[in-house]
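Undergrad: Sharing a model prediction with you, sequence too.
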Amino acid sequence: MKKDVVPSLELERSLLVVDDDLDFLNELRVMLQSNDVRSVITLSNSKAVLPMLEEGGISVLLMDWVMPGLTGSELLPLVVQRYPHIPVIVLTAVNDLATAIASIKQGAFDYITKPVDTNRLLLNIHKAYQISELSSQNKLLKNYLLGEPLARPDCFNEILTRSTKLQAIFKVVETIAPSLHPVLITGETGVGKELIAQSVHKASGLKGKFVPLNVAGLDDIMFTDTLFGHKKGAFTGATDAREGLIAKAQGGTLFLDEIGDLSMESQVKLLRLLQEHEYYRLGSDALVKSDARIIAASNRNFSHLIERDKFRQDLFQRLCFHEIQVPPLRERPEDIPLLASHYVKLAAETYGRPAPRLAREVIFAMQEYEFPGNVRELISKIGSAVAHNNRDVLNLQDFPGIPSRFRAKNTIRFAYDGLFSMQATFEQFPTLDEMEQMLIEQALKVTEGNKKAAADLLGITRPTLHKRLTEHRAESPILSQALAQ
């Protein structure tokens, strides 16, 4: 068999190969193991396949079509029916197109002709294993989505959320955490990618440490020294040996933040670590084994980076065995009241004062705001507002960087002190009808007559607003004019 260069395969579970030709089995096993398919089980008796699958632990089945005992045409339907999550690759004769087509129709994942093309076989095994992994994950996720609670909710205590999107991510985290394959976490700046990475580590059950490293700004020498360490005398000034972060993450998780900024030279070294689970310290020719799990994060667009030759495609494929995309804050406005209240309290504690209350209009404005810096920007704005004010209530004026349709000279204050200021508008405290009329007028002013926006502002439907305009048009020229538009 001709050996080609292909992405190496690191399979945690087993590949079962079935063929009655013992010489072929031995040759195939050696080739597969030399290409990092480390767990290979071979069988020459096709009747032993189903009992083997029943024991579990088989990810992919590679089987010959023409065998004594059970032929491929007899065995394949049984495997597909009983073990639909196991992809089956069929070995056929080079000119037997009819058999290849028949096997696909019966449910085979793919077929390979003999003599075997090593490159194609390895790629097909790699794809089949990914299908098997995804099938297992989908089964677990389906159970979660049917209402099963989180098995380890304590792993997510650091993440404050009411968002169904983040709750779904938590379930994905619990599903992928035990697999120990690399994870790539993507999302905008400030969405909390490191918190998700910490949750993956906690849910994995690994006994080692969670070791973070921000690789942005590190040249190749700094990255290599920081990650892998060096031996004494490796370079000028290396008076003592130093342990790298990958060694500190032994038995745990190494978190590489801003991975999209990593230099091309450093990417080659990281790729080797992911493929071989081994590395060299600077100045040393001794290989060191590593069992640390790798989690990477970035806010960069990898498609663009790969197109511009700024990021290796093979490294990206390695890193994104599991991928989690964290949604920006603007896509989960239901989290803003919870987050804002929490960080107001933290900021107040920093300055040793009672926590102020956020006016309702501030929460509304925050929920409308894009927050390009996400949670990090929210924390910054709240910290600044608390630092510069010592009042009981923080209003929109305390957040000048947050534009809002609520920000107007005559905007109604929803705080209690605002209610008393309204009393001056009437000879006595306003009735509910008068308050309703006033609120509708103010909403129309703020939205410049946009009735849909005014209805949204008031928390009612547009037909309901139309009904209220009809009821109050006699008392208010503004409402009468709005009704006519």
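TA: All right, it came through fine. Computed from a predicted structure; not experimentally measured.
Undergrad: When you work out contacts or count neighbours from here on, use the C-alpha atoms and nothing else.
TA: Will do.
Undergrad: Distance check, residue 160 against residue 214.
TA: 24 Å (C-alpha to C-alpha, to the nearest Å).
Undergrad: Those two: which is more packed in?
TA: Between residue 160 and residue 214, counted using other C-alpha atoms under 10 Å, residue 214 has the larger neighbour count: 16 against 13.
Undergrad: Report the beta-bridge partners for the more buried one.
TA: residue 257 (DSSP bridges).
Undergrad: Surely it touches residue 257?
TA: Yes - contact criterion C-alpha atoms under 8 Å: residue 214 and residue 257 qualify, at 4.6 Å.
Undergrad: Point out where the stretch 251-400 of the chain drops to low pLDDT.
TA: With pLDDT under 70 as the threshold, the stretch 251-400 of the chain has no low-confidence stretch at all.
Undergrad: ranges for the strands of it?
TA: Per DSSP state E, counting those that start in this stretch, the stretch 251-400 of the chain has strands spanning 253-257, 278-280, 287-289, 293-298, 322-325, 357-358, 393-394. These are given in chain order.
Undergrad: Quick one: closest of these to residue 133.
TA: strand 322-325 (9.9 Å; C-alpha to C-alpha).
Undergrad: Just list what the closest one packs against, helices and strands only.
TA: strand 183-186 (3 or more C-alpha pairs under 8 Å, 6 or more residues apart in numbering; DSSP states H and E).
Undergrad: Can you pull out the residues in contact with the strand it packs on?
TA: Strand 183-186 is contacted by residues 193, 196-197, 294-300, 319-326 when judged by C-alpha atoms under 8 Å, 6 or more residues apart in numbering.
Undergrad: check contacts around the closest residue to residue 188 other than its chain neighbours.
TA: Leaving aside its chain neighbours, residue 188 sits nearest to residue 299 (4.9 Å; criterion: C-alpha to C-alpha, 6 or more residues apart in numbering). Shown in contact with residue 299 (C-alpha under 8 Å, 6+ apart): 186-189, 258, 260.
Undergrad: Repeat the analysis, applying 7 Å as the threshold.
TA: Residue 299 makes contact with 186-189, according to C-alpha atoms under 7 Å, 6 or more residues apart in numbering.
Undergrad: Which one of those is nearest to residue 381?
TA: Distances from residue 381 to these, taken by C-alpha to C-alpha, are shortest for residue 189, at 15.5 Å.
Undergrad: Which of the three states applies to the closest one?
TA: coil (DSSP: H, G, I helix; E, B strand; the rest coil).
Undergrad: okay, now it: neighbour count?
TA: Quick note: residue 189 (other C-alpha under 10 Å) scores 18 neighbours.
Undergrad: circling back to that earlier point, buried ones among the contacts of strand 183-186?
TA: 193, 196-197, 294-300, 319-320, 322-326 (16 or more other C-alpha atoms under 10 Å).
Undergrad: before we move on, back to that, nearest to residue 127, out of the strands of the stretch 251-400 of the chain?
TA: strand 322-325 (14.0 Å).
Undergrad: Domains of this protein: list them as residue ranges, please.
TA: Here the domain parsing of the chain from automatic domain parsing is 14-141, 158-327, 330-398, 417-484.
Undergrad: could you dump these to TSV with distance to residue 151?
TA: Formatted as TSV, the domains of the chain follow (distance: least, C-alpha to C-alpha, whole Å):
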stretch	distance to residue 151
domain 14-141	12
domain 158-327	8
domain 330-398	23
domain 417-484	37
